[in-house]
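> Here you go, sequence then predicted model.
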Amino acid sequence: MIEVLVAMAIIAIGLVVVGSMVLSTARNNKAGNMLTIAIMLAREKIEYMKTLPIDRMDTQCSGDLDTEYLRGKAFKRVCQVGSSFSETAKIIKVSVRWERQGQHREVVLETLSRGNGL
């Protein structure tokens, strides 16, 4: 009889541990998915900006605050264009912000471009 109780206790502890691992994995998967979405949104904006002529990049980014709603979350995309070491190139910086579990998250990507797809 005691052996059965001990075996049941061991099984119960094992199930609790497995259950907590499943919940943790699901939480981490969701966090990874949100990060992937934010990176893809930032890359999409950078690639668009790189196709523009260098003199139009500033006007396409000024006051830019795009909000995308994906998977029930609001992702805010902010674009900035700055000068670089050369007059023929610009630095493009795109930030994507979102909130998860009451905390603000952010992804920032930067690139150097001469415009027109270069």
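Ah, there it is. Keep in mind that what you see is a predicted model, and the values were worked out from it rather than measured.
> In three-state terms, how would Ser86 be classified?
Three-state call for Ser86 (DSSP: H, G, I helix; E, B strand; the rest coil): coil.
> Show me the shaky parts of the chain.
Scanning the chain for pLDDT under 70 picks out 62-64, 118.
> run the last query once more with 50
Applying pLDDT under 50 to the chain picks out no residues at all.
> And the strands in it?
Remark: strands assigned in the chain by DSSP state E are 65-70, 73-83, 90-100, 103-113.
> now, of these, which is deepest in the fold?
Of all those, strand 90-100 has the most neighbours on average by mean count of other Cβ atoms under 10 Å, namely a mean of 20. For every residue, glycine as well, the C-beta is placed using N, CA and C.
> Distance from it to the middle of the chain?
Centroid separation between strand 90-100 and its chain, computed with Cα atoms, centre = their mean, to the nearest Å, is 9 Å.
> Kindly format the C-alpha coordinates of it as CSV.
C-alpha atoms of strand 90-100 as CSV (Å, rounded to 0.1, in the frame of the first residue of the first chain):
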residue,chain,number,x,y,z
LYS,A,90,22.4,57.9,-45.5
ILE,A,91,22.0,55.9,-42.3
ILE,A,92,18.5,54.4,-42.0
LYS,A,93,17.3,53.4,-38.5
VAL,A,94,14.0,51.7,-37.9
SER,A,95,12.6,50.9,-34.4
VAL,A,96,9.7,48.6,-33.8
ARG,A,97,8.0,48.8,-30.4
TRP,A,98,5.4,46.7,-28.7
GLU,A,99,4.2,45.8,-25.3
ARG,A,100,4.1,42.3,-23.8
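> sorry, back to before: looking at the strands of the chain, which is nearest to Val16?
Checking the strands of the chain against Val16 by Cβ to Cβ gives strand 90-100 as the closest, at 26.0 Å.
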